[in-house]
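A.B. asks: Model the following, please.
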Amino acid sequence: MDKQPFDIDVALERIEEAVRPWPKAALFQLFEEGYTSTFEQLLACIISIRTYDEVTLPVSRKLFARARTPSSIAALSWEELDGLIGPSTFHERKAHQMLAIARQVAESYGETLPGDRDVLLSFAGVGPKCANLVLGVACGTPVISVDIHVHRVTGRWGYIEASTPEKALVALENKLPREHWIDINRLLVPFGKHICTGSKPKCSTCPVLAMCAQVGVTEHR
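C.D. replies: The predicted model follows:
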């Protein structure tokens, strides 16, 4: 099949419509529910590491029902915090990290964690993907967060070629129009979960099939 030239504006517009029936990515959903502070989004992002959104959402809601601010999190014991986030993967280590971050924020910034990338990256356990996601969702800062879905889908399209998420971030920063930097994660997480899946993607119902190079696709539905 001859493919049309890839038009990222058209692709994302079609994907926006295609993912409407599916749940939103966890941090975007939590933001809509009112958990909008940089600190809340950072804690939710830590919870989400190596953890499915289906677990991240209820765990984050349970935590925030108990404590939402740096001082209130810092006042929890490790045992209580670990119990609240228990379903999350690596919860014991995350509880230590979150307590340390809460104490640092309360001591240095009071109750408002600034939306500053260098500050976020200074915390143990917070990497570029998490920092960028928090800045994009909580602060509206134009940054790209590349997770497994963004990396896989953009490579499958043939839009970029990158062997790792880190290299994909650089490639996307050089090519993707800035107005899409936040939305690429918001849209491609549900798209990658439910349509452009890791194995046997649903190419027959994909809204961008006519433009997609289908790089590496050997079987599809």
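A.B. asks: Just the buried positions in the longest helix along the chain, please.
C.D. replies: In the chain, with assignment by DSSP state H, the single longest helix is helix 91-109. Neighbour counts over helix 91-109 (16 or more other Cβ atoms under 10 Å) mark 91, 94-95, 97-99, 101-102, 104-106 as buried. C-beta: built from backbone N, CA, C; applies to glycine.
A.B. asks: likewise stretch 128-142?
C.D. replies: 128-139, 141.
A.B. asks: Now do residue 65, the pLDDT please.
C.D. replies: The per-residue pLDDT reported for residue 65 equals 98.
A.B. asks: In the protein, where is pLDDT below threshold?
C.D. replies: Along the chain, the model assigns pLDDT under 70 to residues 1.
A.B. asks: Kindly report the domain assignment for it.
C.D. replies: 8-19+144-205, 26-139 (automatic domain parsing).
A.B. asks: quick one: the residue at minimal distance from the centre of the chain from residue 12, how far?
C.D. replies: Per Cα atoms, centre = their mean, the C-alpha nearest to the average position across the chain is that of residue 133, at 5.3 Å. Here residue 133 is placed at a distance of 18 Å from residue 12 (Cβ to Cβ, to the nearest Å).
A.B. asks: try residue 173
C.D. replies: Taken as Cβ to Cβ, the span from residue 173 to residue 12 is 16 Å.
A.B. asks: Which parts of this structure are helices?
C.D. replies: Here the chain has its helices, by DSSP H, at 8-18, 26-32, 38-48, 53-66, 70-74, 78-84, 91-109, 117-121, 128-139, 148-157, 165-175, 183-194.
A.B. asks: just those: most buried one?
C.D. replies: Mean neighbour count, computed with mean count of other Cβ atoms under 10 Å, is highest for helix 38-48 among these, reaching a mean of 25.
A.B. asks: Alpha carbons of that one, as PDB, please.
C.D. replies: The C-alpha coordinates for helix 38-48 follow below in PDB (Å, rounded to 0.1, in the frame of the first residue of the first chain):
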ATOM      1  CA  THR A  38       3.200  20.400  41.100                       C
ATOM      2  CA  PHE A  39       3.700  18.500  44.400                       C
ATOM      3  CA  GLU A  40       0.600  16.300  43.900                       C
ATOM      4  CA  GLN A  41       1.500  15.500  40.300                       C
ATOM      5  CA  LEU A  42       5.000  14.600  41.400                       C
ATOM      6  CA  LEU A  43       3.800  12.200  44.000                       C
ATOM      7  CA  ALA A  44       1.400  10.600  41.500                       C
ATOM      8  CA  CYS A  45       4.200  10.300  38.900                       C
ATOM      9  CA  ILE A  46       6.400   8.500  41.400                       C
ATOM     10  CA  ILE A  47       3.500   6.200  42.300                       C
ATOM     11  CA  SER A  48       3.000   5.500  38.500                       C
END
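A.B. asks: packing partners for that helix?
C.D. replies: Contact analysis of helix 38-48 by 3 or more Cβ pairs under 8 Å, 6 or more residues apart in numbering; DSSP states H and E lists helix 26-32, helix 53-66, helix 91-109, helix 128-139 as its packing neighbours.
A.B. asks: Columns distance to residue 190 on top of the ones you listed, output as TSV?
C.D. replies: What follows is the helices and strands packed on helix 38-48, written out as TSV (distance: least, Cβ to Cβ, whole Å):
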stretch	distance to residue 190
helix 26-32	9
helix 53-66	9
helix 91-109	24
helix 128-139	15
